[in-house]
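Chemist: what follows is a protein structure lacking sequence information:
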């Protein structure tokens, strides 16, 4: 089955710069989620989108914004980067009603993540 | 905050069954129990989920107690590649997954 695609895999930025992370969900999945995982920490929920509308918001800083486009891909925009933003950023997708696409599972499917390093 | 409690770490001998416990004493009637694992810095991987009946798939078995206050994930024949952090999560459909500390499982040769 197709997986969740994230790009880039690695990104190095300087403080105060901006970064854009991209996520391409599994085809026919209608919901996208973003998570942040700092070094030695557990994944923390940032934000989610259902049918291109923001559906829930977690601990996402005001410097970050995200959107979901008509083709269901999503982008996480991060501005005024700080050293503490260095982390793994995971995107996940699912069907909101809890069903699954053929070959998929009943939970979220996570991408391989983007490792952001702020120097 | 996570609604589950798991031991921070466990060891298991290769080829033996790994039994990972999870307490979720405040689980509500419409909350499912999900298990995910994260191998090193890869994206979390779905393993299995259930509501009240025991479940089995090609990866693992999930045993949920009758009162649903605890569950056990069973990896029947652990291999070195099963070394990972295992997360037990309870949620209703539509809610976001909240990851707690999980259990770091080390499969030993």
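Modeler: Nice, thanks for sending it over. Note that this is a predicted model, so its numbers are computed, not measured.
Chemist: find the closest residue to chain A in chain B.
Modeler: Taking CB to the nearest CB, chain A has its nearest neighbour within chain B at residue B:43, 3.3 Å off. Where you see a C-beta, it was placed from the backbone N, CA and C, and this is true even at glycine.
Chemist: contacting residues for that residue?
Modeler: Applying CB atoms under 8 Å, 6 or more residues apart in numbering or on different chains, we find residue B:43 in contact with A:4, A:90, A:92, A:110, A:111, A:112, A:113.
Chemist: can you name the two of those residues that are farthest apart?
Modeler: A:92 and A:112 (11.2 Å; CB to CB).
Chemist: more crowded one of these two?
Modeler: Regarding residue A:92 and residue A:112, a neighbour count based on other CB atoms under 10 Å in any protein chain shown identifies residue A:92 as having more, with 28 against 17.
Chemist: tell me which element the more buried one is part of?
Modeler: Following DSSP states H and E, one finds residue A:92 within strand A:87-94.
Chemist: and the strands in chain A?
Modeler: For chain A, the strands defined by DSSP state E occupy A:5-7, A:10-13, A:19-24, A:31-37, A:44-50, A:53-57, A:64-68, A:74-78, A:87-94, A:109-110, A:114-118.
Chemist: for those strands, give me a markdown table that also has mean pLDDT and distance to chain B.
Modeler: As requested, these are arranged in a markdown table below (pLDDT from 0 to 100; distance: least, CB to the nearest CB, whole Å):
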| stretch | mean pLDDT | distance to chain B |
| --- | --- | --- |
| strand A:5-7 | 97 | 8 |
| strand A:10-13 | 98 | 11 |
| strand A:19-24 | 98 | 11 |
| strand A:31-37 | 95 | 6 |
| strand A:44-50 | 94 | 5 |
| strand A:53-57 | 92 | 6 |
| strand A:64-68 | 96 | 14 |
| strand A:74-78 | 98 | 15 |
| strand A:87-94 | 95 | 5 |
| strand A:109-110 | 92 | 3 |
| strand A:114-118 | 98 | 8 |
